[in-house]
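Structural data only, the sequence is not supplied:
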């Protein structure tokens with residue numbers, strides 16, 4: 001198998017390979033729709049790019065409603081294969097855990113702020129000014145150099161949600177806490193008292209549903225601008241739902257050259273990431289790109305002008321139900337480990353992957369724009 005040593009992605013060259021596993025094989029260019037030989041895993045792809053697994057939106061005991069010292073969060077990360085823990089305690093950044101590497105686990109500290117619609121502030125050098133809401137809250141996050149990510153959008157009023165979505169830079173498309181809270185009171189009590197202790201992963205998985213509201217909001221925003229979508233644990237370590245079970249339930253995987261705070265947050269902000277539900281089955285890799293006849297590739301979070309001969313490449317680690325969406329609607333569906341489809345024109349393309357009818361992976365979008 002001959003591999004081209006440099007792949008053009010957007011207007012950049014990534015060398016030697018995109019670490020997420022997008023391979024360009026010589027000989028593919030002549031056919032209008034060519035089926036590439038995908039790698040079986042990521043072990044052959046070099047060290048230039050890496051996948052970092054994130055547990056996003058985690059609370060420590062610095063939050064009034066959570067349990068967990070830094071040692072507990074790091075242990076949960078080590079137990080679940082998580083590389084990065086993003087801690088966002090309630091309006092208490094200065095009292096939160098210590099940022100930086102703890103062993104091999106990178107801990108990034110932001111904060112969750114707002115009372116009507118909650119927003120995560122990531123990055124930035126200072127805490128956000130207290131008492132801000134709506135558009136003023138988003139401006140406050142920008143004032144300290146932060147990246148704003150709207151939390152659990154299915155909760156709260158539509159008016160409050162719209163006030164923060166308009167200026168924010170990303171969205172928790174999926175929130176584990178929203179799924180837990182949407183269960184019936186008796187279901188929550190039973191699972192907290194019994195099944196969570198005996199079968200934590202299976203119990204949490206039984207609470208996970210397709211985020212209908214999150215996808216609807218996201219698709220609406222994507223129709224007008226680029227907008228990152230992530231999966232969040234909103235882990236508090238309470239009521240029998242351990243940090244370990246939460247970290248395994250949903251992860252956001254980012255593509256980075258170096259695992260550090262700057263690169264991880266930049267990947268999240270740009271949407272160079274996808275969301276996985278690891279309590280269903282581990283996701284060692286996932287590949288989605290738009291390509292053209294000139295051998296260029298655009299990854300999750302990128303935009304490209306439409307031209308004839310474009311196609312979507314999708315690869316999953318095992319046979320699954322792969323669904324390619326265009327402007328929020330299912331455009332192509334195939335059972336198997338890969339999907340290769342011609343792109344008919346401009347649109348917002350993203351992917352959802354299912355196992356046994358359950359959502360397993362969803363990608364960020366690639367925007368294919370008109371020349372106008």
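On my side now, so go ahead. Please read all numbers here as calculations on a predicted model, not as lab measurements.

Test my guess that residue 279 contacts residue 207.
No - contact criterion CB atoms under 8 Å: residue 279 and residue 207 do not qualify, at 9.8 Å. Yep, even glycine has a C-beta here, placed from its N, CA and C like the rest.

So between the two, which is more surrounded?
A direct count of neighbours by other CB atoms under 10 Å for residue 279 and residue 207 places residue 279 higher, at 25 against 20.

did I read that right, the more buried one in a helix?
No - counting by DSSP: H, G, I helix; E, B strand; the rest coil, residue 279 is not found in a helix; it is coil.

For it, which residues are in contact?
Listed by CB atoms under 8 Å, 6 or more residues apart in numbering, the contact set of residue 279 reads 201-202, 204-205, 208, 245, 248-249.

Please produce a ChimeraX select command covering the buried subset of these.
A single ChimeraX command selects the buried members of those (16 or more other CB atoms under 10 Å):
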select :201,204,205,208,245,248,249
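
right, and residue 146 touches residue 110 too?
Yes - judged on CB under 8 Å, residue 146 makes contact with residue 110 at a distance of 7.3 Å.

Spit out the residues that contact those two alike.
Overlap of the contact sets of residue 146 and residue 110 (by CB under 8 Å, 6+ apart) consists of 121-124.

Out of the residues you listed, who's the most crowded?
Per-residue neighbour counts (other CB under 10 Å) across the shared contacts of residue 146 and residue 110 peak at residue 121, which has 27 neighbours.

same for the host helix or strand of it, what does it pack against?
For residue 121, the host element (DSSP states H and E) is strand 119-123. Packing partners of strand 119-123 (3 or more CB pairs under 8 Å, 6 or more residues apart in numbering; DSSP states H and E): strand 84-90, strand 105-113, helix 134-143, strand 146-150, helix 261-270.

domains of the chain?
Using automatic domain parsing, the domain ranges for the chain come out as 7-46+288-369, 50-276.

With mean pLDDT as added columns, please give these in CSV.
Putting the domains of the chain into CSV (pLDDT from 0 to 100) gives the following:
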stretch, mean pLDDT
domain 7-46+288-369, 77
domain 50-276, 88
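
Check those domains for me and report the most buried one.
Of the domains of the chain, the one with the most neighbours on average (mean count of other CB atoms under 10 Å) is domain 50-276, at a mean of 20.

In this structure residue 332 contacts residue 343, no?
No - the pair residue 332 / residue 343 is not scored as a contact, 9.8 Å apart, by CB under 8 Å.

Please enumerate the strands of the stretch 151-300 of the chain.
Counting by DSSP state E, counting those that start in this stretch, the stretch 151-300 of the chain has strands at residues 170-175, 228-232, 251-256, 273-276, 287-291, 296-299.

Is it possible to get a markdown table of those strands that adds distance to residue 92?
As requested, the strands of the stretch 151-300 of the chain are exported to a markdown table (distance: least, CB to CB, whole Å):
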| stretch | distance to residue 92 |
| --- | --- |
| strand 170-175 | 20 |
| strand 228-232 | 18 |
| strand 251-256 | 23 |
| strand 273-276 | 26 |
| strand 287-291 | 37 |
| strand 296-299 | 36 |
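
contacting residues around residue 320?
335-337, 353-355, 360.

Residue 327 and residue 334: what is the separation?
Using CB to CB, to the nearest Å, residue 327 is found at 19 Å from residue 334.

no no, residue 312
Distance from residue 312 to residue 334, by CB to CB: 11 Å.

now do residue 134
With CB to CB as the criterion, residue 134 and residue 334 are 43 Å apart.

about what we covered before: quick one, which of the strands of the stretch 151-300 of the chain is nearest to residue 68?
Taking CB to CB, strand 228-232 is the member of those nearest to residue 68, at 15.9 Å.

which neighbours does that closest one have in its sheet, and in what orientation?
Each strand paired with strand 228-232, and its direction, by DSSP bridges: strand 170-175 (parallel).

The spatially closest residue to residue 216 that is not a sequence neighbour: what's it in contact with?
Distance criterion CB to CB, 6 or more residues apart in numbering; nearest residue to residue 216, sequence neighbours excluded, is residue 328 at 7.8 Å. With contact set as CB under 8 Å, 6+ apart, residue 328 has these partners: 215-216, 219-220, 222-223, 348.

try residue 157
So residue 157 contacts residue 116 (CB under 8 Å, 6+ apart).

gap between it and residue 115?
Distance, residue 157 to residue 115, by CB to CB: 12 Å.

got it, and residue 310?
Noted for residue 310: a distance of 45 Å to residue 115, by CB to CB.

Just confirm residue 111 contacts residue 120, I think it does.
Yes - the pair residue 111 / residue 120 is scored as a contact, 7.4 Å apart, by CB under 8 Å.

between these two, what contacts are shared?
Residues touching both residue 111 and residue 120 (CB under 8 Å, 6+ apart): residue 88.

circling back: relative to residue 306, which of the strands of the stretch 151-300 of the chain is closest?
Closest of those to residue 306 is strand 287-291, at 9.9 Å (criterion: CB to CB).
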